[in-house]
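Visitor: Got a sequence here, can you build the structure:
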Amino acid sequence: MSNTPAFCEGIQYFGESWPEMANHADTAVIAEGQSAIADASDDQAVFQTLLGADALRYVTLQMCSAKGSGHPGGFASSAEAHSALMMLGHTNIVTEVGHHAPGFYSSMFLDSSLEEMGINNMNDMMERFREKHGLLGHLSGAIPGLLAPAGPLGQGQHFAMAGALLHRDKLFPVTIGDGGMGEPYVLNAMMHFHMAYPDVTNFLPTLIWNGYSQEHHSMVSLHSNEQMEAYWKGHSFDEVIIIDAKDFDDSDQDGAFVDSSRFSFTQRLAFTKAVLQGVDKAAKSALGGKLTAFIIKQLKGTGVHAVGAKSHNLYPTDTLDTQHMIDGLTRRALPAEAWQIVRDNFSRAGGGPAVKTVVTEFEMELPVIKLKMEEYAKGDKAVPATNMGALVAQVGLQDKRYVVANADGNEASAMKNINDALKIRHPTVDPLYNQEPNGQCYEPLNEDACAGLVAGLSLFGSRAIWLSYESFAINGWPIVQTVAQAMAELRRKTPSVVTMFTAGALEQGRNGWTHQRPEIENYFAAMMRNGNSFPLFPCDANVMQVAYEYATNSFNKNMTIIASKSPLPVYMSMDEARGAVEKGAATIYESESGDKGTVVFAVTGDMVFLPVFEAKDKLEADGYKVRIVAVVNPRQLYRATDVSWDTVSQPDNGFMDDDHFNALFDGDVLMAVSGGPSGPLEPVLLRSRAPKRDTVCWKRGETTATPTEIMDFNGITPDFMAQRAKDLS
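Guide: A predicted model of the protein is given here:
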């Protein structure tokens, strides 16, 4: 059509003009220079909010149909709420639901943000959807205007809370699907956050209660409105606003969940008005200091090609040329003159297109940090965790936004010095436990909540660190992986996600196998090839301090430090430590001579060096030359071609060259040793030229009285290592 805007090129169907179109949509209700509607009860604003909702549905459905793939149904039932948030100027929207991605892309298309990546019209949308360098199936960190990734359920609320903590004057709505209500810790995490930060209420959980999950009814589909309200209020929410489409139904639909697109036009407007006013009330409540939830209740798939779980996913047969998809599109087709109205409103909402206005499109200013380190002489004993704790305290005192999260407690990990300096954030004041309401240590007994807030703060531009026992880290690790991948794609700098895991398997004998799960180190190792993930294995207290400094000063990376809370020998000077952290490894011992050949120990860890040095003594007594190499930053020991380093934001190609690598690891026998699994030593085993090699590493847990006993159980003994080296030589 000649009167349609250029961005509509590719839209396949246009509808008839709506009733009262001339009166209510002759011009955009958000005028140029404004950022939101003035009155949520204004009929013109209501009318154009419904236009926005149907525009979102249409773009979502046509884009998904173009590929016979994607997830339109869940977002379709949220469309009025999403449009209302936009019209009210609250555009810093995140989601817990990766399957709502097509709708969020539609929103960024309608507000013009996607032009930043060359998506200028509907044809571009269809071409780039679910394609490389395009609009991937679930939200990522790369899409202009979108604040956070969304894939695994149970993560989005962390991003909303992080945004709210950092930007007290803005609202951070987070859409949550009722199909994901059974995922771990969604309301639990928000409740703990509220206990810790009672004055931070400017995030708005927005439940899309549509009765269905991916392939069946949601587990809360039988709840009454009263039960749902009680559920949220039982998690400390002061205000719960439910807008139920059933209350506006004049089409005699059965069941508790109804499709508002089947109402008469008058009732569609009435429902939209209730949503718009409800969102406005909820937003003002949240920004005014009340913990608030908004719930929109209408049938999944409202206004698209199917309803219920059948609307969730498109299949290869659900294409633009099939009749049921054509029918769905023509039902939602907007009149041609409506599209520019929607574009004008959405592109002005919040002060401009999201790509120009949302908080994650800007880098936060970071305080300059100066760290005072304590250098130990070689041979001294010191506790790596405690020395890092002193530095964490220094960062927190210099950066008041800094948050330290730990579910099991800093004191239990030999880092009480953090609590002494920064205090545990807690409503109960108690000096004995370092508790006070304004502390910087966030200690929910929940690794997911720890990881989520820290990862969210890092993604949104602030420094933070998650401390945990290695054995429990897996409970929160998926969100770190999600954010690490998002950081690899970002178009801006942001502080790395920094984590440190203490009390490794070798220290947890008495607790038994429940606390002995170093296998997660293989997870870290696998992520090294991503390009921006760096597991760090400081071998002593000097290296620990340098590793923490290295991680804290990095950007767009995943920095994971693994170390002990026991007093251990110091092997490197501070200068040597810096070289080892930056280059990847360093020799900490080498025999002066030996006529039976050279045995090289390549070691990740710290406590495990104790039996390695005993094995060294045995081998030297038998005439072998021994070199012990501390593998501190194994990612740097890969070859450049092994790692996707050149595909990530803030790339690092500081890989060790062959000459330096061979100088460290050349020998007649290479023994790759770890107190954990062997995965982190893969780059050494890949590149080593040693004719004979073997690994000595963790096998499984057991209850033991001492670290030596658990190492014995796993075959990590001086006798075994020395004998194996002899057998190979």
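Visitor: Tell me how far the residue in the chain sticking out farthest from the centre lies from Lys625.
Guide: Distance from the C-alpha centroid of the chain, by C-alpha atoms, centre = their mean, peaks at Asp595 (53.3 Å). Shown here: Asp595 relative to Lys625, a distance of 8 Å by C-beta to C-beta, to the nearest Å. (Each C-beta comes from the backbone N, C-alpha and C, glycine too.)
Visitor: circling back: now do the same contact list for the residue farthest from the centre of the chain.
Guide: By C-beta atoms under 8 Å, 6 or more residues apart in numbering, Asp595 lies in contact with Gly623.
Visitor: and it, what helix or strand is that in?
Guide: Assigned by DSSP states H and E, Asp595 falls within no helix or strand.
Visitor: Look up how far Lys233 lies from it.
Guide: 78 Å.
Visitor: Equivalent analysis for Asp575, please.
Guide: Relative to Lys233, and taking C-beta to C-beta, Asp575 is found at 58 Å.
Visitor: What of Ile11?
Guide: As judged by C-beta to C-beta, Ile11 and Lys233 stand 44 Å apart.
Visitor: same thing with Val307?
Guide: 30 Å.
Visitor: all strands in the stretch 101-250 of the chain, in order from the N-terminus.
Guide: Using DSSP state E, counting those that start in this stretch, the strands of the stretch 101-250 of the chain run over 172-177, 203-209, 239-244.
Visitor: Follow the chain on from the last one and name the next helix or strand.
Guide: What it means is strand 239-244. Taking DSSP H and E, what comes next after strand 239-244 is helix 265-287.
Visitor: Can you name every helix or strand that the next helix or strand along the chain from that next one contacts?
Guide: Where DSSP H and E defines the elements, the next helix or strand beyond helix 265-287 is strand 292-297. Here strand 292-297 touches helix 79-87, strand 203-209, helix 225-233, strand 239-244, helix 265-287, going by 3 or more C-beta pairs under 8 Å, 6 or more residues apart in numbering; DSSP states H and E.
Visitor: Which helix or strand contains Ala722?
Guide: Ala722 belongs to helix 718-728 when assigned by DSSP H and E.
Visitor: so what does that helix touch, helix or strand wise?
Guide: Using 3+ C-beta pairs under 8 Å, 6+ apart: helix 718-728 touches helix 609-621, strand 669-674, strand 692-696.
Visitor: Save the ones you listed as JSON lines, and put in mean pLDDT and mean neighbour count too.
Guide: As requested, the helices and strands packed on helix 718-728 are exported to JSON lines (pLDDT from 0 to 100; neighbours: other C-beta atoms under 10 Å):
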{"stretch": "helix 609-621", "mean pLDDT": "98", "mean neighbour count": "20"}
{"stretch": "strand 669-674", "mean pLDDT": "98", "mean neighbour count": "25"}
{"stretch": "strand 692-696", "mean pLDDT": "97", "mean neighbour count": "19"}
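Visitor: Quick one: closest of these to Thr647.
Guide: Judged by C-beta to C-beta, the one of those that comes nearest to Thr647 is strand 669-674, at 28.2 Å.
Visitor: Identify the residues contacting the closest one?
Guide: For strand 669-674, using C-beta under 8 Å, 6+ apart, the contacting residues are 521, 597-605, 608, 612, 678, 680-681, 684-685, 688, 690, 692-698, 716, 721, 724-725, 728-729.
Visitor: what is the orientation angle of that strand with helix 609-621?
Guide: 160 degrees (axes from the mean of the first three to the mean of the last three C-alpha atoms, to 10 degrees).
Visitor: Skipping its backbone neighbours, what lies nearest Gly289 in space?
Guide: Among residues not flanking Gly289 along the chain, Thr201 sits closest, at 5.6 Å (C-beta to C-beta, 6 or more residues apart in numbering).
Visitor: Let me fix that, I meant to ask about Gln214.
Guide: His312 (5.3 Å).
Visitor: Against Asp254, how distant is the one you found?
Guide: The gap separating His312 from Asp254 is 20 Å, by C-beta to C-beta.
Visitor: quick revisit: of Asp575 and Lys233, which one has the most company?
Guide: Per other C-beta atoms under 10 Å, whichever of Asp575 and Lys233 has more neighbours is Lys233, with 14 against 11.
Visitor: now that one, nearest residue through space, not along the chain?
Guide: Closest residue in space to Lys233, ignoring its immediate chain neighbours: Val240 at 6.0 Å, by C-beta to C-beta, 6+ apart.
Visitor: Just to check, the one you found is in contact with Gln227?
Guide: No. Counting by C-beta atoms under 8 Å, Val240 does not reach Gln227; the two are 11.3 Å apart.
Visitor: neighbour-wise, which of those two wins?
Guide: Set side by side, Val240 and Gln227 show more neighbours around Val240, with 21 against 10, by other C-beta under 10 Å.
Visitor: Between His312 and Asp254, which is the more surrounded one?
Guide: Using other C-beta under 10 Å as the criterion, His312 and Asp254 rank with His312 on top: 21 against 6.
Visitor: Tell me which residues touch Thr201, please.
Guide: By C-beta under 8 Å, 6+ apart, Thr201 lies in contact with 164, 194, 286-292.
Visitor: Check what pLDDT Ser78 gets.
Guide: The score at Ser78 is 98. That number is its pLDDT.
Visitor: Torsion angles phi and psi at the residue sitting nearest the centre point of the chain?
Guide: Central residue of the chain (C-alpha atoms, centre = their mean): Val483, 3.3 Å from the mean position. For Val483, the backbone dihedrals (degrees, to the nearest 10) come out as phi -70, psi -40.
Visitor: That one: what's it in contact with?
Guide: Residues in contact with Val483 (C-beta under 8 Å, 6+ apart) are 141, 149, 455-456, 458-459, 497, 558.
Visitor: Kindly recompute the last result at 6 Å.
Guide: If you count contacts by C-beta atoms under 6 Å, 6 or more residues apart in numbering, Val483 has them with 455, 459, 497.
Visitor: does the first one count as helix, strand or coil?
Guide: Same thing as Ala455. Secondary structure for Ala455, judged by DSSP: H, G, I helix; E, B strand; the rest coil, is helix.
Visitor: my guess is it meets Val498, correct?
Guide: No. Applying C-beta atoms under 6 Å, one finds Ala455 not in contact with Val498, separated by 10.1 Å.
Visitor: hmm, back to that, could you rank the contacts of Val483 by neighbour count and give me the top one?
Guide: Ranked by neighbours (other C-beta under 10 Å), the contacts of Val483 are led by Ala455, which has 33 neighbours.
Visitor: Give me the pLDDT for the closest residue to that one other than its chain neighbours.
Guide: Computed as C-beta to C-beta, 6+ apart, the closest residue to Ala455 that is not its neighbour in sequence is Val483, at 4.0 Å. According to the prediction, Val483 has pLDDT 96.
Visitor: Let me know the distance separating Val483 from Pro367.
Guide: Using C-beta to C-beta, Val483 is found at 22 Å from Pro367.
Visitor: what domains does the record give for this protein?
Guide: Per automatic domain parsing, the domain ranges recorded for the chain read 6-361, 381-728.
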